[in-house]
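# just need the structure, nothing else, for what follows:
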Amino acid sequence: MESNIYQVYEDEIHSLEEEIEMLTQKFENNIQEPTFYSDEEIQISIKSHQGESKQRESSPDLKAELDYLESDLSFLMKLTGIWFTDYSKKTVEKTGNKIIQKYRLSGNCYSLPFQLEFQLLEIQNKKSVSAVVTDLSIIMESGEYSDLSKFVSSAEERGNLLLFFRSLSSFAEWCEHRKCTFKHFKAKYPDIVRLPEGLSGDYMVIRSPELSGFELMIVWKIYVDEHGRVTPVLDLLPRIPMQALEDKGAVENGPKCFRNMLLLLGIEASIESLIKSVGMEK
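Next up is the predicted model:
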């Protein structure tokens, strides 16, 4: 009886050994057998590998690219003087190949603040994408600049954002240049140069310390037409007491001579020469 039991165990062990040997051979055969893939499967595998490699390799490059874009944006801001402080975008409508988005922008162009609100209609065709600006609204504190106010109204009607930013940049840059010039001469000749309207005014007054009532007013206007052309215009307005009018011709020719000096010497050098020519330099 006991021997029969041992025989059953031996048979079971033998059976398991055979099964293990069979599975081992099958496993080894599968390992050694080559696997063939179609061309399509190979291309898919290559593209998948390239995508994973690029994803791994681009991680350090993303920061470098971001730094480059920020540097490029900073350069453009310094070049144009335009700095955006707030931005928002909202999708109003999206049907088929048409998208309407509403934008809000605010910022400063040098010392001039501005706010914009407009809608952008994008229509995507098979070959290209067209975009049209509509409902453009521009808010600026341009009360002291009547020409700029007229130009802003014209830009709103046309919906021309590029023209607006280009002309605003040029206009604001000239305003900044005028302010810096006035500040320079006020600091250099504090007892002679007056700025009745401050640094943001459009004229400066030169007073003679020796001749009472003798003044030269340099008027510096900055015009912008409805087409966005910015033109700085400088002129000289002398104010001389009657008792000092010995040579009326010199007084009448003064503005013309000043305009000729502007063409030859430039703005700063012409003002400096004008101050020296009337004996106001100490």
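
# let me see the ranges of the strands in the protein.
82-95, 98-109, 112-124, 129-140, 193-194, 203-207, 215-224, 230-239 (DSSP state E).

# switch these over to JSON lines; also include mean pLDDT.
Below are the strands of the chain laid out as JSON lines (pLDDT from 0 to 100):
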{"stretch": "strand 82-95", "mean pLDDT": "88"}
{"stretch": "strand 98-109", "mean pLDDT": "91"}
{"stretch": "strand 112-124", "mean pLDDT": "90"}
{"stretch": "strand 129-140", "mean pLDDT": "88"}
{"stretch": "strand 193-194", "mean pLDDT": "90"}
{"stretch": "strand 203-207", "mean pLDDT": "90"}
{"stretch": "strand 215-224", "mean pLDDT": "91"}
{"stretch": "strand 230-239", "mean pLDDT": "90"}
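
# of those, which approaches residue 147 most closely?
strand 215-224 (4.9 Å; Cβ to Cβ). C-beta coordinates here come from the backbone N, C-alpha and C atoms, glycine included.

# out of the strands of the chain, nearest to residue 170?
Once the strands of the chain are compared by Cβ to Cβ, strand 230-239 is nearest, at 4.2 Å.

# the closest one - contacts with which helices or strands?
Here strand 230-239 touches helix 161-188, strand 215-224, helix 248-265, going by 3 or more Cβ pairs under 8 Å, 6 or more residues apart in numbering; DSSP states H and E.

# dihedrals phi and psi, residue 198?
When read as degrees, to the nearest 10, the backbone of residue 198 gives phi 80, psi -170.

# buried residues, stretch 226-235. List them.
Neighbour counts over stretch 226-235 (16 or more other Cβ atoms under 10 Å) mark 228, 230, 232, 234 as buried.

# gap between the last one and residue 197?
Just to be clear, that refers to residue 234. Residue 234 is 16 Å from residue 197, where distance means Cβ to Cβ, to the nearest Å.

# quick one on the thing from earlier: can you redo the helices and strands packed on strand 230-239 as a markdown table with distance to residue 117?
Shown next, in a markdown table, are the helices and strands packed on strand 230-239 (distance: least, Cβ to Cβ, whole Å):
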| stretch | distance to residue 117 |
| --- | --- |
| helix 161-188 | 12 |
| strand 215-224 | 22 |
| helix 248-265 | 40 |
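
# among those, which comes closest to residue 88?
Nearest of the helices and strands packed on strand 230-239 (Cβ to Cβ): helix 161-188, 16.1 Å.

# could you check how far the closest one is from the centre of its chain?
Distance of helix 161-188 from the chain centroid (Cα atoms, centre = their mean, to the nearest Å) equals 17 Å.

# circling back to that earlier point, and which of the buried residues of stretch 226-235 is nearest to residue 185?
Nearest to residue 185 among the buried residues of stretch 226-235, with distances taken as Cβ to Cβ, is residue 234, at 13.4 Å.

# touching, the closest one and residue 262? I think so.
Yes. Because the distance of 6.0 Å satisfies Cβ atoms under 8 Å, residue 234 is recorded as touching residue 262.

# returning to that earlier point: with distance to residue 167 added, can I get the strands of the chain in a markdown table?
Output for these, formatted as a markdown table (distance: least, Cβ to Cβ, whole Å):
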| stretch | distance to residue 167 |
| --- | --- |
| strand 82-95 | 12 |
| strand 98-109 | 10 |
| strand 112-124 | 12 |
| strand 129-140 | 12 |
| strand 193-194 | 30 |
| strand 203-207 | 23 |
| strand 215-224 | 6 |
| strand 230-239 | 6 |
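
# for residue 157, which of these is the nearest?
Among the strands of the chain, if distance is taken as Cβ to Cβ, the winner is strand 129-140, at 8.4 Å.

# check what contacts that closest one and list those residues.
Contact with strand 129-140 is made by 112-123, 148-149, 152, 155-156, 159-161, 164, as judged by Cβ atoms under 8 Å, 6 or more residues apart in numbering.

# shaky segments in this protein?
The model of the chain has pLDDT under 70 over residues 1-60, 142-144, 240-252, 278-282.

# how is it divided into domains?
For the chain, the structural domains run 82-167, 173-277, going by automatic domain parsing.

# I am finished for the moment; much appreciated.
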